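Novice: for reference, the sequence and a predicted model appear below.
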Amino acid sequence: MSNVTVVGHPLVQHKLTLMRRKETPSSEFRLLLREIALLLAYEVTRDLPLTVRPIETPLAEMDAPALAGKKLCIVSILRAGNGILEGILDLIPSARVGHIGLYRNPETLEAVEYYFKVPHDIADRPVIVVDPMLATGHSATAAISRLKDRGAANIRYVCLLAAPEGVAALGEAHPDVPIFTAAIDSHLNDHGYIVPGLGDAGDRIYGTK
């Protein structure tokens with residue numbers, strides 16, 4: 001799992017524990033996910049390239065560091081990915097945003113695409129793909145394949161929780177894509193849910209179950 005970074009920051013782990021509790025209401029779950037997403041964003045953007053530009057402070061002129069190149073693009077795997085998207089946008093409000101709509105076939109657990117909209121110049125931008133759960137890895141693999149078809153090359157994947165099966169599947173399909181997560185749990189159950197996990201992230205974000 002050399003391509004995986006588990007963010008063990010105490011605040012990330014504490015907030016994740018609160019999210020796992022079955023009695024945590026949707027309103028609190030959404031807020032915690034947004035907060036964790038911001039903290040994860042610090043890690044996934046740690047090596048973004050910098051340049052220098054001249055500015056003038058109240059006291060002097062100086063060459064100051066600034067992000068280089070085109071603004072990055074955050075691609076949310078609908079619908080649950082929007083919970084992480086909002087937290088990263090709190091940190092990087094100028095980022096461009098794309099959406100990929102995928103649902104999991106309940107029989108095969110394979111990803112089925114129903115929506116795709118990303119910036120036309122995504123090939124020129126660093127891309128962060130976001131989805132709370134990396135379970136079977138089918139959705140993540142399908143989403144990243146579509147982005148590569150559009151020319152994206154600098155891609156990173158951010159999730160809240162991962163299963164070993166999903167990490168292995170994504171790593172095999174896209175070994176060039178680093179994975180950032182708050183935890184790698186034990187395993188998947190027969191229905192493709194992460195155990196111990198936190199249930200269905202989309203349902204818990206939006207209160208639909």
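Specialist: Now that the structure is in, tell me what you want to look at.

Novice: CA atoms for contacts and neighbours, from now on please.
Specialist: Will do.

Novice: what residues of the longest strand along the chain count as buried?
Specialist: Longest strand in the chain, counting residues (DSSP state E): strand 96-104. Within strand 96-104, the residues that count as buried by 16 or more other Cα atoms under 10 Å are 96, 97, 98, 99, 100, 101, 102, 103.

Novice: next up, the contacts around residue 115.
Specialist: The contact partners of residue 115, by Cα atoms under 8 Å, 6 or more residues apart in numbering, come to 99, 100, 101, 102.

Novice: make TSV out of those and add distance to residue 46.
Specialist: Output for these, formatted as TSV (distance: Cα to Cα, whole Å):
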residue	distance to residue 46
99	23
100	25
101	28
102	29
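
Novice: out of these, which one has the weakest pLDDT?
Specialist: Within the contacts of residue 115, residue 102 has the lowest pLDDT, namely 84.

Novice: which residue packs closest to it, ignoring adjacent ones?
Specialist: Sequence neighbours aside, residue 113 is the residue nearest to residue 102 in space, at 4.4 Å (criterion: Cα to Cα, 6 or more residues apart in numbering).

Novice: could you do residue 143 as well?
Specialist: Once flanking residues are discounted, residue 143 sits nearest to residue 100: 6.8 Å by Cα to Cα, 6+ apart.

Novice: who's in contact with the one you found?
Specialist: For residue 100, the contact set (Cα under 8 Å, 6+ apart) comprises 75, 76, 77, 78, 113, 114, 115, 116, 117, 143.

Novice: ok, now residue 8?
Specialist: By Cα under 8 Å, 6+ apart, the contact set of residue 8 is 182, 183.
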